[in-house]
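[1] Based on what follows, work out the 3D shape:
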Amino acid sequence: MDKELLKAIESVRDNMPNVAKNAQGYNYKYTDLPHLWESIEKVVTDAGFSIVTNCDGEFVATTAMHTSGSISSKLPLSFAKDNTPQELGSAITYFRRYNLLMLFNVMVEDDDAAKSQKAQSKAVANGDIPFA
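    Okay, the predicted model is just below:
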C-alpha cells in the first residue's frame, strides 16, 4: 500500500469521533446513514478522500478514493434478491452504512456498554471489585 494512502487512512482513524446512535429500530437504537456521514464527513474529506458507492445487483461497494490510491469495502446482496424494492433499498442503505463503518473503523457508541463501563468503574472506585 502506498505510504501516502496509509498516512491518509491513519489520519482518518486517528481523528475519527465516536458516533452516537440517533435512530430507533423495533427494539434497538442505531446510527442512520445521514447521521453517520454528517459525523464523519469532515474527518474523511480533510484527509483527502472522496467516497463513491455503487450497487451492481450483486454487491454494494463503497470506495474511498485518494490521490495516492483507494480502499474499498463491499457486501453481497445475495440474501435480498427476492425482496420487495423497499426491502432491497433498506438492504442497500444498511450496507452503505456498514461499508463506511468498516472502511474507517468507525466506532458507534454502545449505550449498554457505556452504562456497564460506568457501573464497573464506580464499583472499582468503591472497592467493590478488587481488580479492574
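
[2] helices and strands of this protein: which one bottoms out on pLDDT?
    helix 111-125 (a mean of 49; mean pLDDT, DSSP states H and E).

[3] buried residues in stretch 10-18?
    Within stretch 10-18, the residues scored as buried using 16 or more other C-beta atoms under 10 Å are 11, 12, 16. In this view, the C-beta of every residue, glycine as well, is placed from N, C-alpha and C.

[4] for stretch 69-82, same thing?
    By 16+ other C-beta under 10 Å, the buried positions in stretch 69-82 come out as 71, 73, 74, 75, 77, 80.

[5] can you check stretch 20-28 too?
    Quick answer for stretch 20-28 (16+ other C-beta under 10 Å): residue 21.

[6] Contacts for whichever helix in the chain runs longest next, please.
    For the chain, the longest helix by residue count, based on DSSP state H, is helix 85-103. Helix 85-103 is contacted by residues 31-33, 36-37, 40, 51, 53, 55, 60-62, 64, 71-75, 77, 79-80, 83, 106, 108 when judged by C-beta atoms under 8 Å, 6 or more residues apart in numbering.

[7] Now intersect these with the strands, please.
    Judged by DSSP state E, the subset of those located in strands is 51, 53, 55, 60, 61, 62, 64, 71, 72, 73, 74, 75.

[8] doesn't residue 75 make contact with the fourth one?
    Yes: between residue 60 and residue 75 there is a contact at 5.5 Å, judged by C-beta atoms under 8 Å.

[9] hmm, back to that, from the buried residues of stretch 10-18, which ones fall inside strands?
    Reading strands off the buried residues of stretch 10-18, I find no matches (DSSP E).

[10] For my notes, please list those in a markdown table and give pLDDT and distance to residue 44 for each entry.
    Below are the buried residues of stretch 10-18 laid out as a markdown table (pLDDT from 0 to 100; distance: C-beta to C-beta, whole Å):
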| residue | pLDDT | distance to residue 44 |
| --- | --- | --- |
| 11 | 95 | 10 |
| 12 | 95 | 6 |
| 16 | 94 | 9 |
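
[11] Okay, and which of the residues you listed map to helices?
    Filtering the buried residues of stretch 10-18 for helices - DSSP H - leaves 11, 12.
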